[in-house]
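**Q** Fold the following and give me the result.
(chains A and B)
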Amino acid sequence: MRTSVVINSLLILALHASVTPARAGNGSDASKVLSILSDADISEYAIAFVNMSTAPGLEGATLKIDNDQRHSDQWRSRLGFNAEFTLNDHIYNGYWGLAIVGGRLEDSIGFIEDNGEPVQVDVTREVVGLRGSLGLSFPVDQYFKLRPFLSLILSNMENEIILDDQYVQNYNLPFNRLNGSAQMWSTVGSLEALYTRWYGNYQLQLSGQYHLNYTESFSEDNPILETEAWNDSAQLKTRFSGPTRLTWAGRPWQWNVYAHYTNFLSTSEAAVGYDDFFEIGGGLDWEINIKPLDWFGWRFLGIKVGVIVGDNVEGYSVGLTGR
Amino acid sequence: MNRLIFLAIGTCFLISACARSPVFREEGYALFRSNYPVVRVNGVEVEPSYTLDIPSGENTLVIVYHTYRFDYHCTFTWKAAANTVYEVTDQYNKYPLTLYRWAGTNGLWASRLDPIDPLECIPKQR
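**A** Numbers count the residues shown, from 1 in each chain, chains lettered A, B, ... in the order given. Here you go, the predicted structure:
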């Protein structure tokens, strides 16, 4: 009986990515900590990691969360595009995008057992998903556009929990490792406001995005992974770019610097260790300017380097970009 | 693995077969395409159109970029070469529209070359 309670607790842990370390630190024992977790917590924590890896507007990043109770490494990546397409005889254009998205979280959490001993739990999560977006782009004037769009994300998440040996012995557990998986679909409604202005040969782009995300999770091997949640997030982005004297294959290079702010508005910091961050960086874009399948334009292929800072989180973003 | 490679190559061939080559009206003409309507050709008003056969040599086209506050009437003047494709699109440039020479690279993609800004873009209140 006791073993099954512990196993259930661990399954909840698997959902949570952590047992909210601050609570664990304050609580007298692990079961008490687990008992105060609500269904809402479960919904939020389980899905937060997936949303923070797959939601529109997020770019590839490697993040580290490091404090007394928690040591986490997280990365996310995406390969895809967003593009407008013209709808003849209409002022508005269409907007669409496709992306393969993925992420991984390695979370090492310390909490307190019944006997007061610290227990280490290592949680590893991986998610791979496919995201499709479709919407409209409304040009208000030459400089300003509004883009409402809807995204559908299908993803598969894998969990693995590894317990320390002492905990396994204390509760006579027949294993020290738990695996689980969940399939999720998310529907995201987004609104983007985009402002572009030129100053001589230099371009300034400002954008604000808001995303409202509904996610449902299904699992055959773990009923606790059957859950759902609403989340929202917002982003502010600014980008300044200009020409260089560099050319390659007859095509020019541009430099750019950027600053982004991302806030996962309704996701608590306990879910994955942070709820907002700043990213600043720069890059070089090569003007490839091709039209695949004679259909949509692909103008820039670039490289970027960025630094991420926030409360409890730091990291970097290095990668290839396409615009 | 081999099956995946063959599938990828087959898909590329299939997709490239769907990309149509441009058709020129006759010798001495160029093909002009635009994402936005052309309303004036060499000083003559025309029904809004998105594809035109234009004679080689200097041409002046007025193309309207629609927004909810203004219609921007952008005037392009350039020397068109025969049997060449040109296209106008919006690409977040200094002007709302840019003219490119289109060159088919292969069955999978084409290149946009030699950008030309409009002489002017006059905003007209809607």
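
**Q** In stretch A:271-278, which residues are buried?
**A** Using 16 or more other C-beta atoms under 10 Å in any protein chain shown as the test for burial, stretch A:271-278 gives A:271, A:272, A:273, A:274, A:275, A:276, A:277. Using the backbone N, CA and C atoms, a C-beta is placed for each residue, glycine as well.

**Q** Quick check: residues of the stretch 1-150 of chain A near chain B?
**A** Contact residues, the stretch 1-150 of chain A versus chain B (C-beta under 8 Å from any C-beta of the partner chain): A:86, A:88, A:89, A:91, A:138, A:139, A:140, A:141, A:142.

**Q** count of residues packed around residue B:57?
**A** Using other C-beta atoms under 10 Å in any protein chain shown, residue B:57 has 12 neighbouring residues.

**Q** same check, this time on residue A:137
**A** Residue crowding around residue A:137 was assessed by other C-beta under 10 Å; the count is 20.

**Q** Next, the distance between the ends of stretch A:130-147.
**A** End-to-end distance for stretch A:130-147, by C-alpha to C-alpha, to the nearest Å: 21 Å.

**Q** And the strands in chain B, which stretches?
**A** B:29-41, B:44-55, B:57-66, B:70-80, B:85-89, B:98-104, B:109-116, B:120-125 (DSSP state E).

**Q** The fourth one pairs with which strands, parallel or anti?
**A** This means strand B:70-80. Strand B:70-80 has the following sheet partners, assigned by DSSP bridges: strand B:57-66 (antiparallel), strand B:120-125 (antiparallel).

**Q** try the longest one
**A** Strand B:29-41 has the following sheet partners, assigned by DSSP bridges: strand B:44-55 (antiparallel), strand B:57-66 (antiparallel), strand B:85-89 (parallel).

**Q** got any ranges where chain B has weak pLDDT?
**A** B:1, B:3-6, B:8-9, B:11-20 (pLDDT under 70).

**Q** Pick out the residue nearest the middle of it.
**A** In chain B, the centroid-proximal residue (C-alpha atoms, centre = their mean) is residue B:87; its distance is 1.3 Å.

**Q** For stretch A:127-135, list every residue counted as buried.
**A** Under the neighbour-count criterion of 16+ other C-beta under 10 Å, stretch A:127-135 has A:127, A:128, A:129, A:131, A:133, A:135 buried.

**Q** Quick check: mean pLDDT of that stretch?
**A** For stretch A:127-135, the mean per-residue pLDDT is 96.

**Q** Determine how far it lies from the middle of the whole chain.
**A** Mean-position distance between stretch A:127-135 and its chain equals 12 Å (C-alpha atoms, centre = their mean, to the nearest Å).

**Q** Touching it from outside, list them.
**A** A:49-50, A:53-54, A:56, A:78, A:80, A:82, A:94-104, A:147-158, A:184, A:190 (C-beta atoms under 8 Å, 6 or more residues apart in numbering or on different chains).

**Q** Filter these down to just the ones in helices.
**A** Residues of the contacts of stretch A:127-135 located in helices (DSSP state H): A:49, A:50, A:53, A:54.

**Q** which one of the residues you listed is nearest chain B?
**A** Of all these, residue A:54 has the smallest distance to chain B: 24.3 Å, by C-beta to the nearest C-beta.

**Q** can you pull the contacts of the closest one?
**A** By C-beta under 8 Å, 6+ apart, the neighbours of residue A:54 are A:76, A:101, A:103, A:127, A:129, A:131, A:153, A:155, A:186.

**Q** can you tell me how far the fifth one sits from residue A:180?
**A** Using C-beta to C-beta, to the nearest Å, residue A:129 is found at 17 Å from residue A:180.

**Q** Same question for the fourth one.
**A** Taken as C-beta to C-beta, the spacing of residue A:127 relative to residue A:180 amounts to 13 Å.

**Q** what's the overlap in contacts for those two?
**A** Between them, residue A:127 and residue A:180 share these contacting residues under C-beta under 8 Å, 6+ apart: residue A:158.

**Q** Endpoints of stretch A:267-278, how far apart?
**A** End-to-end distance of stretch A:267-278 (C-alpha to C-alpha): 16 Å.

**Q** so which strand or helix has residue A:166?
**A** According to DSSP states H and E, residue A:166 maps onto helix A:165-170.

**Q** Which residue is the nearest non-sequential neighbour of residue A:208?
**A** Nearest residue to residue A:208 in three dimensions, chain neighbours excluded: residue A:193, at 4.9 Å (C-beta to C-beta, 6 or more residues apart in numbering or on different chains).

**Q** other SSEs contacting whatever helix or strand the one you found lives in?
**A** Following DSSP H and E, one finds residue A:193 within strand A:177-199. Other helices and strands packing on strand A:177-199, by 3 or more C-beta pairs under 8 Å, 6 or more residues apart in numbering or on different chains; DSSP states H and E, are helix A:2-16, helix A:39-54, strand A:118-139, strand A:144-163, strand A:202-218.

**Q** could you dump the ones you listed to TSV with distance to residue A:68?
**A** Output for the helices and strands packed on strand A:177-199, formatted as TSV (distance: least, C-beta to C-beta, whole Å):
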stretch	distance to residue A:68
helix A:2-16	18
helix A:39-54	20
strand A:118-139	11
strand A:144-163	20
strand A:202-218	30
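
**Q** out of these, deepest packed?
**A** Highest mean neighbour count among the helices and strands packed on strand A:177-199 (mean count of other C-beta atoms under 10 Å in any protein chain shown): helix A:39-54, with a mean of 23.

**Q** What is the subsequent helix or strand relative to that helix?
**A** Following helix A:39-54 in sequence, per DSSP H and E, is strand A:61-66.

**Q** mind listing what that next one pairs with, with the direction of each?
**A** strand A:70-85 (antiparallel), strand A:313-322 (antiparallel).

**Q** coming back round to it: tell me which of the strands paired with strand B:70-80 sits most buried.
**A** Ranked by mean neighbour count, those are led by strand B:57-66 with a mean of 18 (mean count of other C-beta under 10 Å).

**Q** Show me what that one is in contact with.
**A** Around strand B:57-66, the neighbours that count as contacts under C-beta under 8 Å, 6+ apart are A:91, A:139, A:142, B:32, B:34, B:36-43, B:48, B:52, B:54, B:71-80, B:88, B:90, B:96-97, B:118, B:121.

**Q** How about the contacts made by residue A:304?
**A** Residue A:304 touches A:256, A:258, A:281, A:282, A:283, A:317, A:318, A:319, A:320, A:321, counting by C-beta under 8 Å, 6+ apart.
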